[in-house]
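K.L.:
Sequence and predicted structure, then a few things I'm wondering about:
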Amino acid sequence: MRRHHGRNKGYFGQFGGSFVLELIQVLLDELEGTFEKYKKDPEFLAEYHRYLADYAGRETPLYFAESLTDYLGCAKIYLKREDLNHLGSHKLNNVLGQILLAKRMGKSRVIAETGAGQHGVATAAAAAKFGMKCDVYMGAEDVERQRLNVFRMEMMGATVHAVETGTKTLKDAVDAAFAAWMTDLDAFYVLGSAVGPHPYPTIVHEFQKVISQESRRQILDKEGRLPDYIIACVGGGSNAIGAFSEYVADKEVNLVGVEAAGHGLDTDKHAATMTKGSIGVIDGMKTYAVFSEDG
């Protein structure tokens, strides 16, 4: 294993970094170089935002939830309607950006991991749009739970690989996707969450921050001030990092992440990694995670 500092790039406090095999680090360095070259390139950004508008259907509305506001009686509640993005989620924001990077790197095949299937669907659709082969790795348990999304991916030409190792869920799909990436230098790994080794969390942030760029402008237009709270679900982090990004410097705005408590925080069936987890290295990064006795 290699701990890759790169002048402290890729760390957020003590978290992040790159804890990967040497071969993967070579691929990551190539990806980082391409990302740094194009992230502020006017032609690249113009193409990216054109696809966000014409293909993804952005911007998404900031909707005043009048009935919910009246029912709760404690705050004016607005919903950032990422579900109205093409394909039904925020995932396409990041996928479009990464696939445009892949095209500039001359890649002909994309690899992705997926849990519930939204990232896999977005990757399959974008790969079809740009004429690229697509392989999606999905835990066998998730394949059974999310048959509709498996059908959608396959309908758009993707090959879905059911991962039978480990817990047969997202973590194992990520491991399988990284393993597949190492065997094909013509492939590009489209990682969907704000996880993994550097530069992936930074890339996902860059392509998801459009959510809060829009919502900040929209709430100022509607209310003439910033919100008191931004609330987002926290799983892999792509939704939250996009929702929070443009408000981080605003001390008057409270940023609230909500984790999945599952069967309860006192059980071993929850996903509250920040509330109940401990620090470790997983999927190539230093982060909070929920560990069992076996790791």
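P.N.:
That came through, no problem.
K.L.:
What segments of the chain are strands?
P.N.:
2-3, 11-12, 15-16, 19-20, 62-64, 78-80, 109-114, 133-139, 159-163, 187-190, 229-233, 254-258, 278-282, 285-289 (DSSP state E).
K.L.:
nearest to residue 218, of these?
P.N.:
strand 62-64 (3.8 Å; C-beta to C-beta). Just so you know, the C-beta spots here come from the backbone N, C-alpha and C atoms, and that holds for glycine as well.
K.L.:
any chance you could map the helices in the stretch 1-150 of the chain?
P.N.:
Counting by DSSP state H, counting those that start in this stretch, the stretch 1-150 of the chain has these helices, from start to end: 22-38, 42-51, 66-72, 91-104, 118-129, 140-145, 147-155.
K.L.:
Out of those, which gets nearest to residue 193?
P.N.:
helix 118-129 (7.6 Å).
K.L.:
residues in contact with the most centrally placed residue in the chain?
P.N.:
Nearest to the mean C-alpha position of the chain, counting by C-alpha atoms, centre = their mean, stands residue 193 at 2.6 Å. The contact partners of residue 193, taken as C-beta atoms under 8 Å, 6 or more residues apart in numbering, are 119, 204, 235, 236, 237, 238.
K.L.:
Please name the bridge partners of residue 190.
P.N.:
residue 112 (DSSP bridges).
K.L.:
For it, give me its contacts.
P.N.:
Neighbours of residue 190 in contact, by C-beta under 8 Å, 6+ apart: 95, 98, 99, 102, 110, 111, 112, 119, 123.
K.L.:
give me that answer again for 10 Å
P.N.:
Residue 190 sits next to 91, 94-99, 101-102, 110-113, 119-120, 122-123, 126-127, 132, 134, 136, 177, 200, 203 when contact means C-beta atoms under 10 Å, 6 or more residues apart in numbering.
K.L.:
and what of residue 10?
P.N.:
Contact analysis of residue 10 by C-beta under 10 Å, 6+ apart lists 4, 16-18, 28, 32, 197-202, 285.
K.L.:
Kindly recompute the last result at 7 Å.
P.N.:
16, 17, 18, 198, 199, 202 (C-beta atoms under 7 Å, 6 or more residues apart in numbering).
K.L.:
Report the beta-bridge partners for the first one.
P.N.:
Note on residue 16: beta-bridge partners residue 11, residue 286, judged by DSSP bridges.
K.L.:
Now flag whichever of the contacts of residue 10 is closest to residue 187.
P.N.:
residue 199 (17.0 Å).
K.L.:
where's the closest one relative to residue 70, distance?
P.N.:
45 Å (C-beta to C-beta, to the nearest Å).
K.L.:
Settle it for me: which of those two has more neighbours?
P.N.:
residue 199 (24 against 9; other C-beta atoms under 10 Å).
K.L.:
Give me the pLDDT value at the closest residue to the more buried one other than its chain neighbours.
P.N.:
Excluding the flanking residues, the one nearest residue 199 by C-beta to C-beta, 6 or more residues apart in numbering is residue 32, at 4.4 Å. The model reports residue 32 with a pLDDT of 98.
K.L.:
How many residues are close by residue 32?
P.N.:
Neighbour tally, residue 32, other C-beta under 10 Å: 20.
K.L.:
Could you measure from it over to residue 289?
P.N.:
24 Å.
K.L.:
residue ranges with poor pLDDT in the stretch 1-150 of the chain?
P.N.:
1-8 (pLDDT under 70).
K.L.:
swap the cut-off to 50 and go again
P.N.:
The stretch 1-150 of the chain contains residues with pLDDT under 50 at 1-7.
K.L.:
my guess is residue 118 meets residue 89, correct?
P.N.:
Yes. With contact defined as C-beta atoms under 7 Å, residue 118 counts as touching residue 89 (4.4 Å).
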